[in-house]
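In: sequence first, predicted coordinates after that:
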Amino acid sequence: MVTIVNPSPSNDSSNGGGMGFLVGAILIIFFGFLFFVYGLPMIRDVMNDGVEVNVRTPDDVKLNVEEPAESTQ
């Protein structure tokens, strides 16, 4: 019969202690921020076909400005 001996768990905390997860989370947040600040506006500019609004204005504009009569009180 074979006896399997499991090694005791190490109490050494120098194996990272979740530091990789913290660095990864910070990098994901950082790159997400860069995407929202620079990526989305760039995508919007590429998708925009250069909308052009054409408004017809009259050739001759006549403004009749009359000063109001002074009231005598």
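Out: Perfect, I can see it now. Residues are numbered from 1 along each chain as shown.
In: stretch 34-54: end-to-end distance?
Out: 36 Å (Cα to Cα, to the nearest Å).
In: when you give positions from now on, start the count at 42
Out: Got it, first residue is 42 now, which makes that one stretch 75-95.
In: centre of the chain to that stretch, how far?
Out: Relative to its chain's centre, stretch 75-95 lies at 12 Å (Cα atoms, centre = their mean, to the nearest Å).
In: what does stretch 64-75 give?
Out: So, by Cα atoms, centre = their mean, the centroid of stretch 64-75 is 13 Å from its chain's centroid.
In: quick one: mean pLDDT over it.
Out: Averaged over stretch 64-75, pLDDT sits at 97.
In: neighbours around Ser51, how many?
Out: By the criterion of other Cβ atoms under 10 Å, Ser51 has 8 neighbours. The C-beta positions use only the backbone N, C-alpha and C, and glycine is treated the same way.
In: can you give me the helices for this structure?
Out: In the chain, the helices defined using DSSP state H lie at 60-75, 81-88.
In: how about these in TSV, adding distance to Asn47 and mean neighbour count?
Out: Output for the helices of the chain, formatted as TSV (distance: least, Cβ to Cβ, whole Å; neighbours: other Cβ atoms under 10 Å):
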stretch	distance to Asn47	mean neighbour count
helix 60-75	25	10
helix 81-88	52	9
